[in-house]
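In: this is a predicted model, with the sequence first.
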Amino acid sequence: MKHSKLAVVFLSSAAALLLAGCGGTTVNATVGGTVVGLSGGTTVTLQDNASDPLVVSGNGTFTFAVQVASNSAYNVTVETNPTGETCTVSSGSGTVDANGDQVTNVVVTCLANT
């Protein structure tokens, strides 16, 4: 009888471990994209999910330091516009896919104020 109780405890523990492993794995992804139209000598400050401020000082690619978990939302916004310009964000919100693929399609377009 003692061995059968031990076997039940062992098998229950093994089953619990196996099931815990089937729950899926969270994968983190970077969020970023491209800045266009930013005048030389100016900066634009971007945020992702109302945090992780990123100061961008030139046209080209950018990537936020804080990664976003798979199946989680991201929302890129302009925190501070450059002096004399207004920047807008396109493709700036969405959900990181289950595979944790990097987000690289955010576009920040800056134009001179008229």
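Out: Thanks, I have the structure now.
In: give me the mean pLDDT for the strand ranked longest in the chain.
Out: Looking across the chain with DSSP state E, the single longest strand is strand 103-112. Confidence for strand 103-112, expressed as mean pLDDT, is 98.
In: same check, this time on stretch 30-46
Out: Rounded mean pLDDT across stretch 30-46 is 97.
In: end to end, how far does it reach?
Out: End-to-end distance for stretch 30-46: 14 Å, by Cα to Cα, to the nearest Å.
In: rewinding a little: and the longest strand of the chain, how far out from the chain's middle?
Out: Here strand 103-112 is found 16 Å from its chain centre; the criterion is Cα atoms, centre = their mean, to the nearest Å.
In: who's in contact with that strand?
Out: 29-39, 44, 46, 56, 61-62, 68, 74, 76, 78, 81-82, 84-92, 94, 96 (Cβ atoms under 8 Å, 6 or more residues apart in numbering). Any C-beta I mention is one placed from the backbone N, CA and C, and that applies to glycine too.
In: hmm, 6 Å instead?
Out: Residues outside strand 103-112 that contact it (Cβ atoms under 6 Å, 6 or more residues apart in numbering) are 31-38, 76, 85, 87-92.
In: out of those, who's nearest Thr114?
Out: Glu85 (10.6 Å; Cβ to Cβ).
In: per-residue pLDDT, the closest one?
Out: Value listed for Glu85 in the pLDDT field: 98.
In: who's in contact with it?
Out: 110, 112.
In: so how far is Val44 from it?
Out: Distance, Glu85 to Val44, using Cβ to Cβ, to the nearest Å: 8 Å.
In: what about the contacts of strand 103-112, which are in strands?
Out: Of the contacts of strand 103-112, the ones assigned to strands by DSSP E are 31-36, 76, 85, 87-90.
In: picking that back up, what is the most widely separated pair among the contacts of strand 103-112?
Out: Every pair of the contacts of strand 103-112 checked by Cβ to Cβ; the farthest is Val31 and Glu85, at 22.6 Å.
In: excluding its backbone neighbours, what's nearest Val35?
Out: Spatial nearest neighbour of Val35, chain neighbours left out: Val108 (4.5 Å); criterion: Cβ to Cβ, 6 or more residues apart in numbering.
In: which residues does that neighbour bridge with?
Out: Val35, Val89 (DSSP bridges).
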